[in-house]
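Asker: missing the sequence, but the structure's below:
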């Protein structure tokens, strides 16, 4: 986000070299707000301001700049200041940024970083995208069980500026194995002489580094945690994921689900609409549109093969759109509900039969209502048709009603069934939703429609 | 969620009246886990266990039981225990539960509550659904500016058990006006003799009680807050909203958006799929299905009015489904992107022209690709049609390609335009998405198709 409101004032302060005032501005506002205001300036101007701040505030503000601005700064500023800035970023944001750099940029900047941060970066960046390890930070507070509460608080006080949170501390043994956790609240409430090992909670809710990031975020949500510790295969503490990152993960995952529902592939950077070029938009949208259009030729083929029926009773063509749309809507409804229930782990693929029975019942009720409406609609309007004369309107009405009823029931079941199949094959259920489903039930719907018409109208 | 795993063990402990063991179980596990295990028991059994716990833990566990279990307990247990339980719940969860009670149940239970909680409930329940006031809690920590850091920490230590969080404290003046905030981290880092008024942050990020809950949740997300203070029209502090509630709000709002996209109305309780009866499912799904089916008759009417063309060139009918679907997909894509960008405040209705220009460019590129594919498809398959003989396949191919191109461009623009219109009329942009849109572009698509065919084929 760019907020050009204060840009002239900031530039004036820069021209006057009034750094105390600039620092005051950066310190008294929230880093997210400061980042918004700074985004309106040039990379050189931003760096001039940032260079007068404390390292941790500088890293905090830089990590909240738009990725585009960050990349622009990396392109235009030297490797020394950028290596420094990178060293000062929160470790999880640093990993995200470095992943966007070209190989050449990485090779230039990483050696300019401080050694500890360089090693930390190497360690974190090794975790595959989508895992808990890829989103965790290494700036967590650690205590040992033999510390007294008083000494623990003193330790946290010393380390506070370098930690993502000091409200949760994790207790590890001599091998770095996670054995408990204490909150700052626990420490404040405990007698100063008590030992951390005696007051810590031993049943720690934790994640493993290769767990799916969405599942870990859901644990943070379920248990209302401020942070969750992440351990490696030997139960050694390797990082934490904080509540604010969990919120961003859930938002991103839900956004991806919506985009799958709506047939958009590709980049999911939040806030990218205006920034993406026409060509990028085109590339992310055309695969689905084209693929589904080609799949749509199958429905065309079905219609074509029943051409002789259409010529005899041309009025039938006028029910095709309604039939297809209604099937698509009914299927989308059941698919959405099943996909959501699967995502929230409310149901699993083992409940498939129960789900299909339930969907059948719901679809049956809807089919009755729709069949009645369609029947009366046909009777009402068929008089205007020039070709209906050869076939009794009553018969056409019944055929349309029956076809619509079968279509609603079959589409609803297909909508519930496809996500279950996808899930049991370990695909994301969301991929089979809306657009793909619409095309599938179009094909089945046309087939149902013409078969019913052929049979009932004796064509 | 119900977890029947431990139910036999818990029942055995109950039969033995082994309350120390039961208390130990409830205290050493997370309240959310305890609630899951208790859900498998009867209301009487749950109450027998809860009655041996401390009030705050009892309230915490009860508030995490499924709403269904809570309501069942209210129905079967007397008003005395339930009034007590209600008094012990976190205030925001209490409001949610009381809102689900019948008038009769409310009149029975509310008088049995402790007076302070009763008044708190009356105050909170008055805020309309969807506002910040309706989701805030009144259990926040308050400090006054003249307190020393030492005394402030002592106060927080005393009050900790009754507060939702002590990590953020809000500073108010003599009139309860919000004048600043300090985190527990600030207090721990400050010298014990400093005054709260001197170390507090004066630029507090806050919300107003009648602000939209989603916007407030987005502020918590943007600024990575643990909680946000809520003030009334006189800037008096009246509550806080915590990060975990913000996460739930964002999830619920996104779920509602997805359901609007997928044409499902009604209840959005998380985890409701299996619990909702067939009849409830029917009621929440039929309005959209029926409404859209009736709207679909309009497309039927358009087809009917071009019946004479269809009889002459029956092959045209076989392109109708592909044309309609492609329009629906293209429209859904642009609508989804615009709706998201609006929701994230990345764009506003003032950018309408810029957005439409961008969408036009993207659609134009897609139209070229699709038109080419459609043209060759027609040439390839038209030989099999029994009626194509009268019209040159080349001409039909060009007509279909042109119609498809116009359809993709118009659908994309309609998909981008409808949410912008809805937003400028202060409706939720999401209501105009997918199913409604599909039906609209079906109608425009058929009209485009037959008009182009009529013109280009000279029918």
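Answerer: Structure's in. What do you need? A quick note: this is a predicted structure, and the numbers were derived from the prediction, not measured. Numbers count the residues shown, from 1 in each chain, chains lettered A, B, ... in the order given.
Asker: any weak-confidence spans in chain A?
Answerer: Using pLDDT under 70 as the threshold, the predicted model of chain A has low-confidence ranges A:1-4, A:259-272, A:381-390, A:430-434.
Asker: how's it carved up into domains?
Answerer: In terms of domains, chain A is parsed into A:4-126, A:141-250, A:278-457 (source: automatic domain parsing).
Asker: pick the most deeply packed of those.
Answerer: For the domains of chain A, ranked by mean neighbour count under the definition mean count of other CB atoms under 10 Å in any protein chain shown, the leader is domain A:278-457 at a mean of 21. Quick note: C-beta positions are derived from backbone N, CA and C, even for glycine.
Asker: just the terminal-to-terminal distance for it.
Answerer: In domain A:278-457, first residue to last residue: 51 Å (CA to CA, to the nearest Å).
Asker: how far out from the middle of the chain is that domain?
Answerer: Domain A:278-457 sits 29 Å away from the centroid of its parent chain (CA atoms, centre = their mean, to the nearest Å).
Asker: would you list the domains of chain A in a markdown table and tack on distance to residue B:216?
Answerer: As requested, those are exported to a markdown table (distance: least, CB to CB, whole Å):
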| stretch | distance to residue B:216 |
| --- | --- |
| domain A:4-126 | 15 |
| domain A:141-250 | 13 |
| domain A:278-457 | 24 |
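Asker: wait, residue A:40 sits on residue A:11?
Answerer: No: with contact taken as CB atoms under 8 Å, residue A:40 and residue A:11 are classed as non-touching, separated by 9.3 Å.
Asker: and whichever residue of the stretch 151-300 of chain A sits closest to chain B, what helix or strand is that in?
Answerer: In the stretch 151-300 of chain A, the residue found nearest to chain B is residue A:296; the distance is 3.5 Å by CB to the nearest CB. When secondary structure is defined using DSSP states H and E, the element that contains residue A:296 is helix A:278-305.
Asker: counting by contacts, list what that helix packs against.
Answerer: If you count contacts as 3 or more CB pairs under 8 Å, 6 or more residues apart in numbering or on different chains; DSSP states H and E, helix A:278-305 packs onto helix A:434-457, helix B:320-343, helix B:352-381.
Asker: that older thread, mind checking which of the domains of chain A is nearest residue B:21?
Answerer: Closest approach to residue B:21 among the domains of chain A (CB to CB): domain A:141-250, 15.7 Å.
Asker: quick one: that closest one near chain B?
Answerer: Yes: Domain A:141-250 comes into contact with chain B (CB under 8 Å from any CB of the partner chain), by way of A:153, A:156-157, A:160, A:166-167, A:184-185, A:188-189, A:201-203, A:205, A:220-224, A:226, A:243-244, A:246-248, A:250.
Asker: how near is the residue of the stretch 151-300 of chain A closest to chain B to residue A:85?
Answerer: Going from residue A:296 to residue A:85 by CB to CB, to the nearest Å gives 51 Å.
Asker: now the one residue sitting closest to the centre of chain A: how far from residue A:207?
Answerer: Within chain A, one residue has its C-alpha closest to the average C-alpha position: by CA atoms, centre = their mean, that is residue A:253, at 1.6 Å. The span separating residue A:253 from residue A:207 equals 15 Å under the rule CB to CB.
Asker: do residue A:29 as well
Answerer: If you measure residue A:29 against residue A:207 using CB to CB, the figure is 34 Å.
Asker: what does residue A:14 give?
Answerer: 44 Å.
Asker: and what of residue A:235?
Answerer: Distance, residue A:235 to residue A:207, using CB to CB: 12 Å.
Asker: please name the nearest non-neighbouring residue to residue A:180.
Answerer: Setting aside the residues directly before and after it, residue A:180 is nearest to residue A:200 in space (CB to CB, 6 or more residues apart in numbering or on different chains), at 3.4 Å.
Asker: correct me if wrong: that neighbour contacts residue A:147.
Answerer: No: using CB under 8 Å as the test, residue A:200 is too far from residue A:147 to be in contact (10.3 Å).
Asker: can you map out the strands along the stretch 51-200 of chain A?
Answerer: A:141-143, A:168-172, A:178-183 (DSSP state E, counting those that start in this stretch).
Asker: looking at the ones you listed, which is closest to residue A:121?
Answerer: strand A:141-143 (19.7 Å).
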